[in-house]
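In: Need coordinates for the below:
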Amino acid sequence: MIKLILFLITAISLFANAKVQYIKLGKLYNTSAQVVTLKNLTQNIVTQIPGHIEEYFVKEGDSVKKGQKIARIKSFILSEMTSRYLTLENEVAVLKKRYENAKALYKKGIMSYNDLAKLKTTLKDKENDLTSLKLQLKILGITKVTKPVEYYTITSHADGTVQKILVPVHTNVKSTTPLVEILSQSRYYLVAFLSVEDALRLKDVRAIFHLGPYNFKATFIKILPKVDEETAQAKLLFELPQTNKELLIGAFGDIQIESAPYKKVLAVKRSALTMLNGEWVVFLPSKEPEPHVVKLVDFVGEYAVIEGLKPNQEYIDHDIYLYKSRLLKESIGDED
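Out: Next up is the predicted model:
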């Protein structure tokens, strides 16, 4: 048996080996997600803030892409929010300078500790107000404010076809009012669950959904406007690519979400990693390949982030079971 395995190993070793490479790894969130569909494969583009519909950029029957402009709204509420943001930003900057000066005065004995503590509390309250408002604007897609903003552009969060414009132009609308009905070109969606705090920190999102034997890259669409009533967690809507696989609606799977900041880390293909004697190992190419112990950091899609190998170092990424089988056979003294 060992001779046969050695022959197969020799034949396999003629093929090119893989090399340890750098991949980008973001902050990882591992959670659950549920497979859903939208009723009649349609979804509504809704307002997220009250305002007046100034114009539509699409008409019924138009094909739209994710991120394409749908409508423009003039919003007094948005104007107030952005003006307040600029005011708070200025107040925080002034208070920071005052606080630094106050610390110097306190060290010289000119200012009392109570006055310094009051100023610090005031600064902290203003910073908290600014952070809260910044998160609200981020949900609206506004990440940079240099002047008051009164116009808000609504974009499509998926590819599809405009089926119906639900509200005429020059109409005043409330927040979460459906404006446009879109027939989606994708059948399956996911609703993932994450703490509100983590959800609001997401940026440049990538995700991989695991359901039974299937793995799908999932596209982040948006944070849904209501938290889950049972868990009080934020609900994140993802879109799955078109597939001919029949997925069970309502089924739960695992989703791995990545978010900025991203960093470069060393990785090998998941297929190269195996457990041997309670340790993760990778086989390195040689006349008789031997296992090399590595530290597994995490699995990311088809890769395993590891420590213990060098960049561009060659390793074996195929038919690992043959090498492992040889070692196991030798360990029990099989001389066939």
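
In: Could you check how many residues crowd around residue 309?
Out: The burial count assigned to residue 309 is 19, neighbours taken as other CB atoms under 10 Å. C-betas here are computed from N, CA, C, even on glycine.

In: whoops, I mixed them up, residue 295
Out: Quick note: residue 295 (other CB under 10 Å) scores 11 neighbours.

In: Can you tell me the SS state at residue 106?
Out: helix (DSSP: H, G, I helix; E, B strand; the rest coil).

In: my guess is it contacts residue 117, does it?
Out: No. The criterion here is CB atoms under 8 Å, and residue 106 misses it with residue 117 at 9.7 Å.

In: Let me see the contact set for the closest residue to residue 251 other than its chain neighbours.
Out: Among residues not flanking residue 251 along the chain, residue 35 sits closest, at 4.9 Å (CB to CB, 6 or more residues apart in numbering). If you count contacts by CB atoms under 8 Å, 6 or more residues apart in numbering, residue 35 has them with 188-190, 211, 240, 247-253.

In: Which strand runs longest in this structure?
Out: Using DSSP state E to define each element, the chain has its longest strand at strand 252-269.

In: what packs against that strand?
Out: For strand 252-269, the elements it packs on are strand 21-36, strand 189-194, strand 206-211, strand 295-300, strand 303-307, judged by 3 or more CB pairs under 8 Å, 6 or more residues apart in numbering; DSSP states H and E.

In: give me the low-pLDDT residue ranges for the stretch 101-250 of the chain?
Out: For the stretch 101-250 of the chain, applying pLDDT under 70 flags the ranges 184-187.

In: Just the strands from it, written as ranges.
Out: Applying DSSP state E, counting those that start in this stretch to the stretch 101-250 of the chain gives strands spanning 151-155, 160-165, 172-173, 178-184, 189-194, 206-211, 214-223, 234-239.

In: And those strands: which comes nearest residue 59?
Out: Nearest to residue 59 among the strands of the stretch 101-250 of the chain is strand 160-165; the distance by CB to CB comes to 6.8 Å.

In: Name every strand pairing with the closest one and say which way it goes.
Out: Paired neighbours of strand 160-165 in the sheet (DSSP bridges): strand 63-64 (antiparallel), strand 178-184 (antiparallel).

In: could I get these as CSV with mean neighbour count and distance to residue 49?
Out: Shown next, in CSV, are the strands paired with strand 160-165 (neighbours: other CB atoms under 10 Å; distance: least, CB to CB, whole Å):
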stretch, mean neighbour count, distance to residue 49
strand 63-64, 17, 21
strand 178-184, 19, 12
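
In: could I get those strands as CSV with distance to residue 80?
Out: Output for these, formatted as CSV (distance: least, CB to CB, whole Å):
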stretch, distance to residue 80
strand 63-64, 30
strand 178-184, 22
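
In: so who does residue 279 touch?
Out: residue 293.

In: Tell me what it is bridged to.
Out: residue 276.

In: residues touching the residue nearest to the spatial centre of the chain, list them.
Out: Central residue of the chain (CA atoms, centre = their mean): residue 205, 2.9 Å from the mean position. Residue 205 is in contact with 220, 257-259, counting by CB under 8 Å, 6+ apart.
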